[in-house]
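K.L.:
Got a sequence here, can you model it:
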Amino acid sequence: MPDRKARAEIFFHHNGRDDQDSFTPASLLSRIAQASEALGLIVELPAGLSLWRARTDLPKGQRVVASDFGPPPLKLALQSNRMNPAGIPMLYLASSATTALKETRTKQAKVGLWRSIRPIRILDLRHLPPVPGIFAEEPRKQALTLSFLHDFANDIMKPVARNNEVHIDYLPSQVVTEFMRDYEFSDGALDGVAYGSTVHQPGWNVALFLGPIDLGLATPGWGVTPSPAFAFKKATWTTSA
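P.N.:
Okay, the predicted model is just below:
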């Protein structure tokens, strides 16, 4: 397979049309979404699933509430992450308290437990199929698309710089994430993206597109309040072994 730079040159070009070995950006993103569905990567996580968020900035003894472990308010969403730019908050949760702590790269944190009330639809990048070799029967574009998904998964698993600077190298994965967030799959829109953990191999993470209303942390200004997708259960301190 071509290396990453070569794949980018194959995918992104400027002549405004698709050809044998390349896509326009819009065509590429649509193809990634379609291929993800065809490969069975759009899955439902069951109701009753426990997921955790770690906070390293909460002092011991401070009383906490559910919103302390929800997505940051818009005015405080200054951190640019690999799937969301500053100003567009997402809720990053982990499959266990240990994974949540290790993802912070610190030795202790307050962790909050969320439990899903309904099934959660995700793009599942935890166990991607291998990229077909050059002599495989699969079409070349399918192999390139799957290779791109592997690159996307590898990018979003990398550590995030913990500052409020704008990181332009996060832009490609942010663009893909935003497209997936708005894309209408056969059974509806996604709730988030699940991916592996590089710091705790048994664990995994999920970036949720759900806002405060979806988490029962706020009510809409008008209309019927929807049933929340998650319920907050508890918060506790955890430390590394």
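
K.L.:
Could you use CA atoms for every contact and neighbour count after this?
P.N.:
Fine.

K.L.:
got a pLDDT number for the closest residue to residue 46 other than its chain neighbours?
P.N.:
What sits nearest to residue 46 in space, not counting adjacent residues and going by C-alpha to C-alpha, 6 or more residues apart in numbering, is residue 119, at 4.5 Å. What the model reports for residue 119 is a pLDDT of 97.

K.L.:
How about the backbone phi and psi for residue 119?
P.N.:
As for residue 119, its main-chain torsions (degrees, to the nearest 10) stand at phi -60, psi 150.

K.L.:
That one contacts residue 43, doesn't it?
P.N.:
No. Under the contact definition of C-alpha atoms under 8 Å, residue 119 does not touch residue 43, with a separation of 9.5 Å.

K.L.:
So which residues of the chain form helices?
P.N.:
With DSSP state H applied, the chain shows helices at 4-11, 25-38, 97-103, 140-156, 171-182, listed in chain order.

K.L.:
Run through this structure and note the low-pLDDT ranges.
P.N.:
The model of the chain has pLDDT under 70 over residues 1-23, 134-139, 162-167, 241.

K.L.:
the strands in it, which residues?
P.N.:
Counting by DSSP state E, one finds strands in the chain at the ranges 42-45, 50-55, 91-94, 108-116, 120-124, 192-196, 204-208, 230-239.

K.L.:
Can you tell me which of the helices of the chain is nearest to residue 48?
P.N.:
helix 97-103 (16.1 Å; C-alpha to C-alpha).

K.L.:
quick one: contacts of that closest one?
P.N.:
With C-alpha atoms under 8 Å, 6 or more residues apart in numbering as the test, helix 97-103 has contacts from 51-54, 93-94, 107-109, 111, 197, 199-200, 203-204, 238-240.

K.L.:
how about that helix as CSV, C-alpha atoms only?
P.N.:
Extracted C-alpha coordinates of helix 97-103, given in CSV (Å, rounded to 0.1, in the frame of the first residue of the first chain):
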residue,chain,number,x,y,z
ALA,A,97,-12.4,4.0,35.4
THR,A,98,-8.8,2.8,34.9
THR,A,99,-8.9,3.6,31.2
ALA,A,100,-10.3,7.1,31.9
LEU,A,101,-7.6,7.8,34.5
LYS,A,102,-4.8,6.5,32.2
GLU,A,103,-6.0,8.7,29.3
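
K.L.:
contacting residues for residue 90?
P.N.:
With contacts defined as C-alpha under 8 Å, 6+ apart, residue 90 is in contact with 71, 72, 84, 207, 208, 209, 210, 211.

K.L.:
Closest to residue 128 out of these?
P.N.:
When the contacts of residue 90 are compared against residue 128 (criterion: C-alpha to C-alpha), the nearest one is residue 207, at 17.2 Å.

K.L.:
what about the closest one, how many neighbours?
P.N.:
Around residue 207 there are 21 other residues, counting by other C-alpha atoms under 10 Å.

K.L.:
Repeat that for residue 225.
P.N.:
13.

K.L.:
my read: it touches residue 217, true?
P.N.:
No. In this structure, residue 225 is not within contact of residue 217 by C-alpha under 8 Å, at 11.1 Å.

K.L.:
who's in contact with residue 67?
P.N.:
Applying C-alpha under 8 Å, 6+ apart, we find residue 67 in contact with residue 217.

K.L.:
could we number from 3 for the rest of this?
P.N.:
Sounds good: first residue 3 from here, last item residue 69.

K.L.:
Who are the contact partners of residue 192?
P.N.:
Residues in contact with residue 192 (C-alpha under 8 Å, 6+ apart) are 122, 123, 124, 125, 182, 183, 184, 185, 211.

K.L.:
List only buried entries from these.
P.N.:
By neighbour count, with 16 or more other C-alpha atoms under 10 Å, the contacts of residue 192 hold 122, 123, 124, 125, 182, 183, 185, 211 as buried.
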